[in-house]
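Show me how the following folds:
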Amino acid sequence: MAQMADTGREELELAQKVQQRTYPSSIPLVEGYQIFGHTVPASWGNGDFFDAVGVKPRDGRPGFIIDQNSTVEHAVLTLGDATGHGMGSALMATELRAMLRASIRLGVYHRDLVDVLNAQLVEDLSVSHFITLLMGRLIKAENRFRWVSFGQGPIWLYRAKTGDIETLEPHHPPLGILDDVESYTPTETDFEPGDTHIALSDGFPETMNDADCCIGDDAVRATFQAHATEAPSRIHDALWTRVEAHANGVAQRDDRTCLLIRRNSE
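Prediction:
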């Protein structure tokens, strides 16, 4: 029995390492911007993921292909969250991330990509399972992030000029629920110097404490606003510290993932 348990643990550790290798080893540089992503699973497998891929336009055809340069003009950024946590959710998240990467390599146009992703997830997932997804392209020349969210939130935008926080809403339900994705118009977030765009998985606002009370969006948003002028990595650290203080020693129950885009101040 002990040998079987050891074998099972070794297989889980191997699966965890395989999934960790799918995390981006580096984030492409977009001049004038700081991009930060981080994910921490609650258990062996991670039902969350983020990705950052440099891309460039295809020659004379719609869509983009991977740009292998360290500094890029366009970056595709994604954050996804599969229902639940653990190995089942990790398999769903890893499948979606793999389909996204393969589609980018093939230069699939984003509207076709969404339809294909959703159709495959509807076929693969059970009725009670789905995946939320934020997917967008940061365009340096336009200082713009063109994005769409399928049930993924919270998403906030800090405006440096006023100090205000804008709440940005998802466009559609999560992927894997409906047979067809309805027509949508991506949101175009224009960045002024010092503006910061943040997307979080629900593991942050749904952090529970020893009284079985979750911290909620308002407290996490207030922490973001208090630290929004800092570097993205420091914003993430402040958010993590805040939710852990609320947890008061209660173990992390859900995966937590953060994606930040900040335009440098001039």
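
make it CA atoms for all contacts and neighbour counts henceforth
Noted.

thinking Ile65 is in contact with Gly107, fair?
Yes - when contacts are counted by CA atoms under 8 Å, Ile65 is listed as touching Gly107 (4.8 Å).

Report the set of residues contacting both of these two.
Arg58 (CA atoms under 8 Å, 6 or more residues apart in numbering).

show me what contacts Asp124?
Contacts of Asp124 by CA under 8 Å, 6+ apart: none found.

ditto for the one 5 residues further on
His129 makes contact with Ala82, Thr83, Gly176, Ile177, according to CA under 8 Å, 6+ apart.

ditto for Gly249
Asn209, Asp210.

begin at 271 from here
Will do, 271 is the new start, and the previous item becomes Gly519.

Output the below-cut-off pLDDT ranges for the chain.
Applying pLDDT under 70 to the chain picks out residues 271-293, 354-356, 378-380.

please redo it, this time with the cut-off set to 90
Across the chain, the ranges flagged by pLDDT under 90 are 271-296, 311-319, 327-338, 340, 352-401, 439-443, 445-456, 523-524, 536.

Give me the most central residue, it.
Centroid-nearest residue in the chain, with CA atoms, centre = their mean: Leu349, separated by 1.6 Å.

Show me what the helix or strand where that one lies pairs with in its sheet, parallel or antiparallel.
Element membership for Leu349 (DSSP states H and E) is strand 344-352. Take DSSP bridges as the rule and strand 344-352 pairs in its sheet with strand 318-327 (antiparallel), strand 401-409 (antiparallel).

Glu462: neighbour count?
If you count neighbours by other CA atoms under 10 Å, Glu462 ends up with 17.

To clarify, my last question referred to Ser503.
Using other CA under 10 Å, Ser503 has 17 neighbouring residues.

Over to Ala389?
18.

part of a helix, is it?
Yes - assessed by DSSP: H, G, I helix; E, B strand; the rest coil, Ala389 belongs to a helix.

and the nearest residue to it once chain neighbours are set aside, what helix or strand is that in?
Counting by CA to CA, 6 or more residues apart in numbering, Asp449 is the residue found nearest to Ala389 once chain neighbours are left out, at 6.5 Å. Assigned by DSSP H and E, Asp449 belongs to no helix or strand.

Asp449 reaches Gln390, doesn't it?
No - checked against CA under 8 Å, the pair Asp449 and Gln390 is beyond contact range at 9.8 Å.

thinking again about what came up before, buried set for the helix or strand just after the strand holding Leu349?
Next helix or strand after strand 344-352 toward the C-terminus (DSSP H and E): helix 357-376. Buried positions in helix 357-376, judged by neighbour count with 16 or more other CA atoms under 10 Å: 357, 359-364, 366-367, 369-371, 373-374.

how about TSV for the residues you listed, with distance to Asp488 added?
Output for the buried residues of helix 357-376, formatted as TSV (distance: CA to CA, whole Å):
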residue	distance to Asp488
Met357	30
Ser359	27
Ala360	28
Leu361	31
Met362	29
Ala363	27
Thr364	30
Leu366	30
Arg367	30
Met369	34
Leu370	32
Arg371	34
Ser373	36
Ile374	36
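
from these, which single one is nearest Pro424?
Closest to Pro424 out of those is Ala363 (18.5 Å), distances taken as CA to CA.
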